[in-house]
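sequence plus predicted model, see below.
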Amino acid sequence: MSSTNIIAPSAIVPEFLTKDNYEDWVVWLRNYLLGEELWEIVDGTEPIPQATQPQYKTWRKKNAQALHAIQITCGADMFSHIKQFDVAKPAWDHLASIHQSQTEQIKLLPQTEASPGPEGDAPHLFHSASMGQCPSASIQMLLHSCQMQNLTSATHNQAPVHPTQKDNLREDNVSYLPLYKAVDDGDWESAKRFLDDHPDAVRARITATGTTALLVASMNGNVVMVEKLLQLMSAEDMELKDIYGNTALSRAAMGGITKIVEAMVNANRRLVCLRNNFDCIPVVMAAIYGRKDTVRFLYSVTPDVEFNPQISNNNGAILLTEAIRAEIYDVALNLLRRYPRLAITQNNLGDTVLTALSRRPSAFPSGSRHGIWRQWVYSCT
């Protein structure tokens, strides 16, 4: 792919906006804007003040922040449609109009199973799965450092696909648009009516990126919708993954929606150990996104073996360095106490705990470069 089609990864959304993933992207970015108190700028409820008014300076700053978030989460092709805008709301509305036009003119393509192709197609599979997935430098480099066989193994080891789901993957998923709209709108009554008429839809892939209704509800942060969907699903249904290998729990962990994470874990404890295509378990994804409360909960319920550097993969080292980066020091310190070997174990970037600490001077009391953290690390080495 040419360099003109590549934009630096963003921590705001797990995928850049393309012509195929608007329905997911708009949910992620809307939640981000709400959390940053910028949504009123985008939906127009906060009017543009006159330049002479005292509140104009505040509005101008918030508009710049919202517009920047929209721009940096677009892929190169979509960015080209809005780069001329200097106000966030028209840019947002223009992207919505593009999506509406495409929806009216072109039906969604039939789905295909997210399985690895022939060996010669492996690099293409890796590239496709990785585009737009990097929320931080750690994941960006993780992709480069992952061995191809790890991705293939992760794809092969996805939860079993139901026979009915295999059919759904090849159907025109426009038939699931009523379900998607109901779940996206938080309309449980409409969703339930659809599921009563189509029971297998609870495990169907209803978007182009392979998301299920449970994934959509979890990304929306709709706790009630998630709880009701869980009541209709088997443990195996809850383990279904999107094309990037993420379960609904992994997506909820990335979003920091702890109540949803707790509900899913209570329904199926195996979910905490399921890895995505990048070989990361949910607690690691939560740490990469800096979701402190979610990290603490998932860490408390994830089996120790997942962090042991001698018998597991690199999740322990990645969690340790990412917890330090996100200033979740209680989890990081507990990890070191349980597995002192992690002090000298490199994560997929080649970083160790000392490297991570060197980037966080605040971890050392009174600015000391030899505080309790460094003393502890040295005692482990």
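Thanks, I have the structure now. Residues are numbered from 1 along each chain as shown.

shaky segments in the stretch 101-250 of the chain?
Filtered on pLDDT under 70, the stretch 101-250 of the chain yields the residue ranges 101-173.

ok, which stretches of it are strands?
For the stretch 101-250 of the chain, applying DSSP state E, counting those that start in this stretch gives no strands.

which parts of it are helices?
Secondary structure of the stretch 101-250 of the chain, counting by DSSP state H, counting those that start in this stretch: helices at 122-130, 137-145, 148-156, 163-170, 177-185, 188-197, 213-220, 223-231, 235-238, 248-255.

so what touches the fifth one?
Residues lying outside helix 177-185 but in contact with it, judged by Cβ atoms under 8 Å, 6 or more residues apart in numbering, are 23, 27, 187-188, 190-191, 194-195, 198, 201, 204, 206-207, 213, 216-217, 220, 222, 225, 229. To be clear about C-beta, it is placed using only N, CA and C from the backbone, and glycine gets the same treatment.

could you turn the buried ones of these into a ChimeraX selection?
In ChimeraX syntax, the buried subset of the contacts of helix 177-185 is picked out as below (16 or more other Cβ atoms under 10 Å):
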select :23,27,188,191,194,195,201,204,206,207,213,216,217,220,222,225,229
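
residues near K57, how many?
11 (other Cβ atoms under 10 Å).

so how far is C74 from it?
K57 is 27 Å from C74, where distance means Cβ to Cβ, to the nearest Å.

now G221
Here the criterion is Cβ to Cβ. By it, G221 lies 23 Å from C74.

who's more crowded, those two?
C74 (23 against 19).

got the phi and psi for that one?
Backbone torsions for C74, taken as degrees, to the nearest 10, come to phi -90, psi 140.

okay, buried residues for stretch 229-241 please.
Within stretch 229-241, the residues that count as buried by 16+ other Cβ under 10 Å are 229-230, 232-233, 237-241.

same list (those) but as TSV, adding distance to I328.
Formatted as TSV, the buried residues of stretch 229-241 follow (distance: Cβ to Cβ, whole Å):
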residue	distance to I328
L229	30
L230	27
L232	34
M233	31
D237	31
M238	26
E239	27
L240	29
K241	26
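
how does this structure divide into domains?
According to automatic domain parsing, the chain comprises the domains 3-105, 110-125+134-270.

tell me the most buried of the ones you listed?
domain 110-125+134-270 (a mean of 18; mean count of other Cβ atoms under 10 Å).

distance-wise, check K192 relative to I206.
K192 sits 15 Å away from I206, taking Cβ to Cβ as the criterion.

before I go, just wanted to say thanks for your time.
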